[in-house]
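K.L.:
Structural data only, the sequence is not supplied:
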Ligand SMILES: CCCCCCCCCCCCCCCC(=O)SCCNC(=O)CCNC(=O)[C@H](O)C(C)(C)COP(=O)(O)OP(=O)(O)OC[C@H]1O[C@@H](n2cnc3c(N)ncnc32)[C@H](O)[C@@H]1OP(=O)(O)O
């Protein structure tokens with residue numbers, strides 16, 4: 001962007017404080033940025049905005065029209081049809097209930113009483129539709145946004161040292177919205193805190209981008225705040241769309257679908273949290289497809305020409321709204337309430353949370369995305385091509401979107417799944433690493449027993465080197481300073497700081513289940529980045545331990561390692577999104593294996609002929625460089641390591657001089673592996689015995705807590721209800737468990753094969769044990 005263009009936008013880089021932790025080049029602190037006012041070059045001295053920049057900024061933000069969506073939706077023919085359908089469904093149910101046999105509604109054989117009854121049901125459904133719409137509607141208002149924006153300029157600096165945004169990312173968004181004014185922007189943030197949506201709207205508004213309508217769970221419809229959120233853009237949705245399991249709430253689905261469709265047609269920008277809620281573990285959650293399906297449907301049905309999906313990555317040095325320790329320990333979530341919200345705001349205003357970082361990633365058009373999936377589908381013949389015209393008619397309810405027709409289109413469902421996974425993957429990859437993430441990660445993977453601050457700083461240096469060019473770091477400067485700064489932010493409750501007799505600072509994670517769960521929340525931001533390397537490293541040591549050799553000759557074949565790692569990745573399918581749908585997992589494993597080799601964590605055979613060995617190293621370096629330079633392109637390239645002939649792959653060896661580093665990589669997944677192992681070991685309690693899912697989860701969490709207390713499990717953060725749930729999903733997928741749902745009560749039973757033989761449970765334990773770093777073997781030489 002040229003200087004003039006920059007000025008025309010009203011943006012001037014404010015002088016940044018010279019703080020080692022300030023944000024990187026090209027970024028701005030949104031709390032100090034007032035594009036429409038403040039002291040700028042060429043600004044008239046008589047402009048009052050120079051002296052009252054925040055007030056002037058809020059009064060001068062671009063005014064957009066925010067037409068009400070509820071009016072248009074009320075008239076919608078689809079909703080009228082759904083009202084009738086819902087009424088007919090009730091009549092049908094009543095008929096079954098009373099065991100009467102009469103003809104369909106509208107049939108001439110109906111007597112007057114029945115038709116009056118039907119009319120009553122119909123008007124009830126009409127009233128219900130109206131209530132749903134009134135409860136759902138947003139009343140987005142420009143003046144309320146202006147006022148809130150000014151308040152935020154005043155309040156945010158009380159507890160945040162900065163809100164860092166990337167100037168060019170915002171410029172890209174602005175250009176995108178100006179270039180195609182009728183194309184809605186769909187903001188898709190990963191959800192970490194209640195501050196997320198406030199900041200997204202705040203940043204967009206103050207940069208003259210239309211504020212979005214935001215899908216809010218109806219648990220936030222609390223006195224005062226509910227109305228306020230509605231006026232600021234919230235439209236309220238049920239978190240669970242069908243209250244009765246197995247019975248679709250067709251009226252609700254139709255209204256939600258049409259509300260969103262009308263909003264898009266009216267060119268509203270839309271925002272929703274694709275994970276369906278805040279992450280409790282710090283790792284991204286598996287995405288939900290309901291709202292995305294409506295948006296993609298709107299494009300496929302030509303209701304809108306296109307939409308731009310904007311993955312948004314948000315991260316905090318310290319999480320503003322507390323922690324999720326209670327929930328991870330299996331205790332119930334405290335419901336949202338007016339007083340809880342007030343107490344939260346009070347506490348927040350009196351604490352320090354450091355920096356917040358928000359990245360608006362490259363928008364992608366749904367049109368292009370669908371085309372790119374089609375390209376993959378044609379390239380790889382076993383994938384189907386996603387085309388709306390190719391839908392197959394079946395007799396079931398819709399599965400192409402929330403509501404509608406009796407059309408089932410599995411290709412469409414897969415398409416939505418793929419897009420949503422891609423969004424989550426991209427958001428997670430683009431999330432900047434905060435200082436606290438880096439420190440927590442080092443403490444839990446390398447310094448569980450504590451270490452000198454200077455040693456941790458050295459490890460931070462090397463972590464920063466490894467992440468260079470791969471992950472954006474939201475901090476800069478001297479590592480020792482960063483270690484002390486982030487230990488301060490995390491607080492004494494998580495990191496214990498002591499001075500030794502020589503005056504050196506010693507840091508150690510606080511040894512309690514609660515502290516470990518909270519610390520792992522911060523550390524888990526980096527876990528997905530190292531997950532594949534960790535799988536490879538654990539698998540490598542597991543395979544080595546099977547045919548123990550002398551430390552100098554310990555080796556396995558590359559192909560065996562990749563095959564076994566692929567099987568281990570399958571165990572983690574509900575815990576991590578390990579690859580984009582367009583990427584081939586084995587290729588990513590190969591690339592990660594090469595990275596382990598380049599970092600000397602796994603060795604190649606020593607080849608005496610220099611040129612060949614150099615050629616091999618060059619090849620590895622080239623493949624990694626290509627991957628880094630153009631990650632997007634690499635996903636379509638079938639990378640074949642070590643030459644075209646797979647059979648000629650060299651063996652890979654244990655690198656006996658980097659065992660400590662290898663152990664640290666294994667530690668990345670060790671806590672979650674222990675959780676999964678405990679779930680598998682607990683399956684025996686279900687032998688010839690069904691159990692409520694909640695009871696079973698409690699049982700597993702208790703057993704992990706006992707193991708932690710007795711020292712049998714060294715990872716206190718293995719106490720994680722979310723991971724237990726993910727493991728249950730996996731076991732259901734493997735048919736080890738059957739989960740039946742009786743009026744919302746989920747009952748667990750062993751699958752037929754496992755119900756009859758205890759041996760088969762042992763097989764499952766054995767399969768899951770493969771992702772646990774081996775108890776004996778070479779890793780222990782590093783202790
Ligand atoms: C300057 C000033 C600033 C101030 C500024 C303030 C800003 C003021 C804003 C406040 C804003 C607050 C924001 C709070 C933040 C939250 O409250 S986050 C929680 C609420 N948001 C979300 O959950 C969004 C994402 N969730 C979804 O999309 C979920 O799918 C839904 C719609 C909630 C439904 O969830 P569910 O009941 O669990 O059902 P789910 O299994 O997902 O599927 C439902 C249906 O969707 C469809 N579907 C699902 N997956 C697919 C698929 N892959 N393909 C096709 N169809 C699919 C199907 O029809 C499916 O039904 P079935 O055919 O399976 O029976």
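P.N.:
Done, it's in. Since the structure is predicted, the reported quantities are computational estimates derived from the model, not experimental observations.
K.L.:
residues in contact with residue 258?
P.N.:
Contacts for residue 258 (C-beta atoms under 8 Å, 6 or more residues apart in numbering) come out as 73, 76, 78-79. C-beta: built from backbone N, CA, C; applies to glycine.
K.L.:
mind checking how far residue 272 is from residue 282?
P.N.:
Separation of residue 272 from residue 282 (C-beta to C-beta, to the nearest Å) stands at 21 Å.
K.L.:
In terms of neighbours, single out the busier of these two.
P.N.:
residue 272 (26 against 23; other C-beta atoms under 10 Å).
K.L.:
Surely that one touches residue 215?
P.N.:
Yes - if you go by C-beta atoms under 8 Å, residue 272 and residue 215 touch, sitting 3.8 Å apart.
K.L.:
Overlap in contacts, these two.
P.N.:
Joint contacts of residue 272 and residue 215 (C-beta under 8 Å, 6+ apart) are residue 291.
K.L.:
which ones are touching the residue nearest the centre of the chain?
P.N.:
Note on the chain: the residue nearest the mean C-alpha position is residue 284, at 2.9 Å, using C-alpha atoms, centre = their mean. Contacts of residue 284 were listed using C-beta under 8 Å, 6+ apart, and they are 190, 275, 424-425, 427-428, 528, 577.
K.L.:
From the residues you listed, list the buried ones, please.
P.N.:
190, 275, 424-425, 427-428, 528, 577 (16 or more other C-beta atoms under 10 Å).
K.L.:
for this structure, which strand is longest?
P.N.:
Assignment by DSSP state E gives strand 308-316 as the longest strand of the chain.
K.L.:
Quick one: name whatever helix or strand follows that strand.
P.N.:
As assigned by DSSP states H and E, the chain's next helix or strand after strand 308-316 is helix 325-328.
K.L.:
Other residues contacting that following helix?
P.N.:
Outside helix 325-328, the residues that reach it (C-beta under 8 Å, 6+ apart) are 280-281, 332-334, 514, 517-518, 719-722.
K.L.:
Count the residues that sit near residue 554.
P.N.:
22.
K.L.:
How about residue 302?
P.N.:
Residue 302 has 8 nearby residues by other C-beta under 10 Å.
K.L.:
Now do it against residue 265, distance only.
P.N.:
Residue 302 is 11 Å from residue 265, by C-beta to C-beta.
K.L.:
quick one: residue 374 and residue 419, what's the gap?
P.N.:
For residue 374, the distance to residue 419 - C-beta to C-beta - is 13 Å.
K.L.:
Between those two, point out the one with more neighbours.
P.N.:
Neighbour count, other C-beta under 10 Å: between residue 374 and residue 419, residue 419 has more, with 26 against 16.
K.L.:
State the phi and psi torsions of residue 307.
P.N.:
phi -150, psi 150 (degrees, to the nearest 10).
K.L.:
Could you confirm whether the longest strand of the chain reaches the ligand?
P.N.:
No - applying C-beta under 6 Å from any ligand atom, one finds strand 308-316 separated from the ligand by no less than 12.1 Å.
K.L.:
and that strand, what other elements does it pack with?
P.N.:
On a contact count with 3 or more C-beta pairs under 8 Å, 6 or more residues apart in numbering; DSSP states H and E, strand 308-316 meets strand 185-189, helix 195-206, strand 355-360, strand 364-365, helix 366-379, helix 410-430.
K.L.:
one step back: which of the contacts of residue 258 sits closest to the ligand?
P.N.:
The shortest approach to the ligand among the contacts of residue 258 belongs to residue 78, at 14.5 Å (C-beta to the nearest ligand atom).
K.L.:
quick one on the thing from earlier: neighbour count, distance to the ligand and pLDDT for the contacts of helix 325-328 - can I get that in TSV?
P.N.:
Converted to TSV, the contacts of helix 325-328 look like this (neighbours: other C-beta atoms under 10 Å; distance: C-beta to the nearest ligand atom, whole Å; pLDDT from 0 to 100):
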residue	neighbour count	distance to the ligand	pLDDT
280	20	13	93
281	22	16	94
332	8	18	82
333	11	13	80
334	9	16	80
514	18	25	95
517	25	22	96
518	25	22	96
719	30	25	96
720	29	21	96
721	21	18	96
722	19	16	96
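K.L.:
residue ranges with poor pLDDT in the stretch 251-400 of the chain?
P.N.:
Low-confidence segments of the stretch 251-400 of the chain (pLDDT under 70): 377-400.
K.L.:
if we can go back for a sec, top of the contacts of residue 258 by neighbour count?
P.N.:
residue 73 (25 neighbours).
K.L.:
sorry, back to before: okay if I get the contacts of residue 258 as CSV plus secondary structure and distance to residue 194?
P.N.:
As requested, the contacts of residue 258 are arranged in CSV below (DSSP: H, G, I helix; E, B strand; the rest coil; distance: C-beta to C-beta, whole Å):
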residue, secondary structure, distance to residue 194
73, helix, 27
76, coil, 32
78, helix, 33
79, helix, 31
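K.L.:
Most widely separated two among these?
P.N.:
Using C-beta to C-beta, the pair of the contacts of residue 258 lying farthest apart is 73 and 78, separated by 9.3 Å.
K.L.:
What is the burial count for the residue of the stretch 301-450 of the chain found nearest the ligand?
P.N.:
In the stretch 301-450 of the chain, the residue that lies nearest the ligand is residue 416 (3.4 Å; C-beta to the nearest ligand atom). Neighbour count of residue 416, defined by other C-beta under 10 Å: 24.
K.L.:
Next, the contact list for it, please.
P.N.:
289, 292-293, 296.
K.L.:
what about the stretch 651-783 of the chain, any weak spots by pLDDT?
P.N.:
By pLDDT under 70, the weakly predicted segments of the stretch 651-783 of the chain are 782-783.
K.L.:
make it 90
P.N.:
651-653, 656, 687-689, 741-745, 752-759, 774-783 (pLDDT under 90).
K.L.:
among the helices and strands packed on strand 308-316, which is nearest residue 144?
P.N.:
Closest among the helices and strands packed on strand 308-316, using C-beta to C-beta: helix 195-206, at 10.9 Å.
K.L.:
neighbouring strands for the helix or strand just after that closest one, and are they parallel or not?
P.N.:
Going down the chain from helix 195-206, the next helix or strand is strand 212-217, by DSSP H and E. Paired neighbours of strand 212-217 in the sheet (DSSP bridges): strand 234-237 (parallel), strand 269-271 (parallel).
K.L.:
And the next helix or strand past the first one?
P.N.:
The reference is to strand 234-237. Scanning onward from strand 234-237 (DSSP H and E), the first element met is helix 250-265.
K.L.:
how about the residues of the stretch 251-400 of the chain that lie near the ligand?
P.N.:
Near the ligand, when you scan the stretch 251-400 of the chain using C-beta under 6 Å from any ligand atom, you find 272-274, 276-277, 288-291, 293, 399-400.
K.L.:
Those residues, buried ones only, as a ChimeraX selection?
P.N.:
In ChimeraX, a selection of the buried entries from these looks like this (16+ other C-beta under 10 Å):
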select :272,273,274,276,288,289,290,291,293,400
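K.L.:
out of the residues of the stretch 251-400 of the chain next to the ligand, what pair is the most spread apart?
P.N.:
277 and 400 (24.5 Å).
K.L.:
how about the contacts of residue 284 in CSV, adding distance to residue 168?
P.N.:
Shown next, in CSV, are the contacts of residue 284 (distance: C-beta to C-beta, whole Å):
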residue, distance to residue 168
190, 21
275, 27
424, 23
425, 22
427, 18
428, 21
528, 25
577, 27
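K.L.:
quick check, nearest of the residues you listed to residue 658?
P.N.:
The nearest member of these to residue 658, counting by C-beta to C-beta, is residue 528 at 22.9 Å.
K.L.:
No further questions, thank you.
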